[in-house]
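Chemist: Here is my input; please provide its structure:
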Amino acid sequence: MHRYLRHPGRYAADLARRAAYFLRTGYLHTNERDNPDFPSSNQERHLRAYQFCLPLAAELDVLDVGCGCGTGSNLLARAARSVTAIDRSSMALQFARRRWKQANLRFLRMDAHTLQFAAASFDFIITNENIEHLDPLEPHVAELARVLRPGGMVFVGTPDPAKTVHKNRYHQREMTAAELQELLGHHFRAITVLPQSGFVSVGSRRVDAGQLENAWSYFVLAMNPQ
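Modeler: Numbers count the residues shown, from 1 in each chain. So this is what the prediction gives:
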């Protein structure tokens, strides 16, 4: 039974809070997007992935695909040379532009299947909890490879279907790690499934993989576009 059916009073209060928030801000919150005004364990896990990527993005040109409300994009902009954050939701982007203001951070409305950038535009790409929303995936992955510079890397975080408890109506397809590795292998020469504990070497950096600890998702690095 869904938790809201077990606690109808809590459900009514949550709906009222979201409605009031929409009237005040113009943003209708759902749990699919991280929003600092609606803290949750899901948001905490989402941001830990960005925290892991922070040293990898330092002084680089970064693309954040499916940025949502932009909380993670704003975090990366503290270290990156530039962050370009894209999403297809005009409502989420409006929220992000109002909330986060850094000179090296911009938010653009764009379809992830057709990235409107020149080839080799970015050093680091993050698409965290996003690819499960896309269909088809092959054109998207081809676009990631096209806009990535030689020597760059793509960080992918996505739910593990073996650990999914409830079907998510927003998800088009949840891929196993083996399926995602095969797909990425069509366009990248090096693919690594990241551990979720200890330290891991990524290029010249040692980063804390413990920040990726997540009971529901797994994380992959793809490098050397072909």
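Chemist: what residue ranges in the protein are flagged as low confidence?
Modeler: Applying pLDDT under 70 to the chain flags the ranges 1-9, 11, 165, 168, 170.
Chemist: Now do the lengthiest strand in it: which elements does it pack against?
Modeler: Counting residues, the longest strand in the chain under DSSP state E turns out to be strand 148-159. The contact analysis (3 or more Cβ pairs under 8 Å, 6 or more residues apart in numbering; DSSP states H and E) places strand 148-159 against helix 41-53, strand 122-128, helix 177-185, strand 217-225. Any C-beta I mention is one placed from the backbone N, CA and C, and that applies to glycine too.
Chemist: Nearest the geometric middle of this structure, what residue?
Modeler: Nearest to the geometric centre of the chain sits residue 128, at 2.3 Å (Cα atoms, centre = their mean).
Chemist: What's the end-to-end length of stretch 76-88?
Modeler: 20 Å (Cα to Cα, to the nearest Å).
Chemist: Ramachandran angles for the residue nearest to residue 213 when sequence neighbours are not counted?
Modeler: Excluding the flanking residues, the one nearest residue 213 by Cβ to Cβ, 6 or more residues apart in numbering is residue 196, at 4.7 Å. With angles defined as degrees, to the nearest 10, residue 196 sits at phi -120, psi 30.
Chemist: buried stuff in stretch 39-55?
Modeler: 43, 45-50, 52-54 (16 or more other Cβ atoms under 10 Å).
Chemist: which one of those sits closest to residue 123?
Modeler: Using Cβ to Cβ, residue 53 is the member of the buried residues of stretch 39-55 that lies nearest residue 123, at 12.0 Å.
Chemist: contacting residues around the residue nearest to the centre of the chain?
Modeler: 46, 49-50, 66, 72, 155-157 (Cβ atoms under 8 Å, 6 or more residues apart in numbering).
Chemist: Dump the residues you listed to JSON lines, plus distance to residue 201.
Modeler: Formatted as JSON lines, the contacts of residue 128 follow (distance: Cβ to Cβ, whole Å):
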{"residue": "46", "distance to residue 201": "24"}
{"residue": "49", "distance to residue 201": "18"}
{"residue": "50", "distance to residue 201": "20"}
{"residue": "66", "distance to residue 201": "27"}
{"residue": "72", "distance to residue 201": "23"}
{"residue": "155", "distance to residue 201": "15"}
{"residue": "156", "distance to residue 201": "19"}
{"residue": "157", "distance to residue 201": "19"}
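Chemist: nearest to residue 99, of those residues?
Modeler: residue 72 (12.4 Å).
Chemist: Tell me the secondary structure of the closest one, please.
Modeler: Recorded secondary structure, residue 72: helix (DSSP: H, G, I helix; E, B strand; the rest coil).
Chemist: Could you tell me how many residues sit around it?
Modeler: 27 (other Cβ atoms under 10 Å).
Chemist: And for residue 24?
Modeler: 9.
Chemist: quick revisit: closest to residue 219 out of the contacts of residue 128?
Modeler: Lowest distance from residue 219 to the contacts of residue 128 (Cβ to Cβ) belongs to residue 157, with 4.8 Å.
Chemist: wouldn't the closest one be in contact with residue 216 here?
Modeler: No - taking contacts as Cβ atoms under 8 Å, residue 157 lies outside contact range of residue 216: 10.2 Å.
Chemist: And those two? Which one has more around it.
Modeler: residue 157 (25 against 13).
Chemist: List the beta-bridge partners for that one.
Modeler: The partner list for residue 157 in beta bridges (DSSP bridges) reads residue 128, residue 219.
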